[in-house]
Every structure is written in structure tokens, then in C-alpha cells.
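Peer 1: I would like to see how this sequence folds:
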Amino acid sequence: MSEVVSKQDLIAGLKTKATALGLSLHEDGWDGLSGEIESIRAKWFLGGRKSVYRMSCRLAEPERTVMFREAVTEKSWGLPPPTMTVEKETVTGWKRFGKRTDVSAGGGGSINYANVRNAMDRAVTDAGWQFRLEGGRLP
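Peer 2: Here you go, the predicted model:
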């Protein structure tokens, strides 16, 4: 097992990892982070649609635990453009695995559901802390 790192060092490592994955980060007080990435975007003159991946993590120093939350939200306005969607997903408990890809004349994109969660889990466990997914709660 690796040496346990301090809370400040872990937060700095998580910020670096999340930024490398393309998330825009916000600090939640002195013991947490939240971030989002707009992964799928499609617009045309009658309306549009976008999908946003959101995550948050809060550090509990006495237990050396990082509580992680994640959600994918979709918003549409007007009449969204016709879109072809290819999605493969597996749900085990609260963990969602898979990938979704949208292709449209007005844009598109893809979301890998487990990419951020797995990277954060590895960073937390490598730092000697415990990773806990808080399923069913929005970030």
C-alpha cells in the first residue's frame, strides 16, 4: 500500500487529474471540488440539445474518505435537431458504464460514463484514501 498523502496534496492531484480530463472545475469550500463538461451539443435554427456530465467530490479527513457524486443531465429547447444516437451502457448498482455518441447535422459528441469516475478512483486509492461513490444524489 502506498503512503497516505495529505488532504491538500490530494485536492491538488484531483484538480490536475480532472483538468486533464477536460472538466471545468469549481472549488466547493475548503474540502471539495465540483466540475462539469459539456459533452454533447447540437443546435439548429428551431432549437437545440446539450448533455452535461457533472461531478463533485468532498473529502472527509478523519475517515480518509472521498465521497464522489456524478450525473449526466440533458437539456433541450425548442425543437431539437434530428439526432442519431448510439449508446451502450451497463448499470451495476449505482455504477454506470458505457459510452453514448450522438451525431446530428447541428453538432454532436460523446460521453464515456465511467471515464472520470475511474480516473478519480485510481487517484484517490493511489493516495492511500478510500473512494466512496454516493449513488442517487446529484452533485
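
Peer 1: what ranges do the helices span in this structure?
Peer 2: For the chain, the helices defined by DSSP state H occupy 7-20, 115-126.

Peer 1: now for the ones you listed, which one comes closest to residue 65?
Peer 2: Nearest to residue 65 among the helices of the chain is helix 115-126; the distance by CB to CB comes to 8.8 Å. Just so you know, the C-beta spots here come from the backbone N, C-alpha and C atoms, and that holds for glycine as well.

Peer 1: mind listing what the residue nearest the centre of the chain touches?
Peer 2: A centroid search over the chain (CA atoms, centre = their mean) returns residue 55, at 4.3 Å, as the residue closest to the centre. Contact analysis of residue 55 by CB atoms under 8 Å, 6 or more residues apart in numbering lists 18, 23, 34-36, 68-71, 116-117, 120, 139.

Peer 1: Generate a ChimeraX selection restricted to the buried subset of those residues.
Peer 2: Buried members of those, defined by 16 or more other CB atoms under 10 Å, are picked up in ChimeraX with:
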select :18,23,34,35,36,68,69,70,116,117,120,139
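
Peer 1: can you name the two of the contacts of residue 55 that are farthest apart?
Peer 2: For those, and using CB to CB, no pair is farther apart than 18 and 71, which are 15.4 Å apart.

Peer 1: Tell me where this protein has strands.
Peer 2: Remark: strands assigned in the chain by DSSP state E are 24-27, 32-44, 47-60, 65-78, 83-92, 95-104, 107-112, 130-133.

Peer 1: for those, which one sits closest to residue 10?
Peer 2: Between those, strand 47-60 lies closest to residue 10; by CB to CB that is 6.6 Å.

Peer 1: what residues does stretch 104-120 touch?
Peer 2: By CB under 8 Å, 6+ apart, stretch 104-120 touches 14, 17-18, 21, 23, 39-44, 48, 51, 53, 55, 57, 66, 68, 70, 72, 81-84, 89, 95-102, 131, 133.
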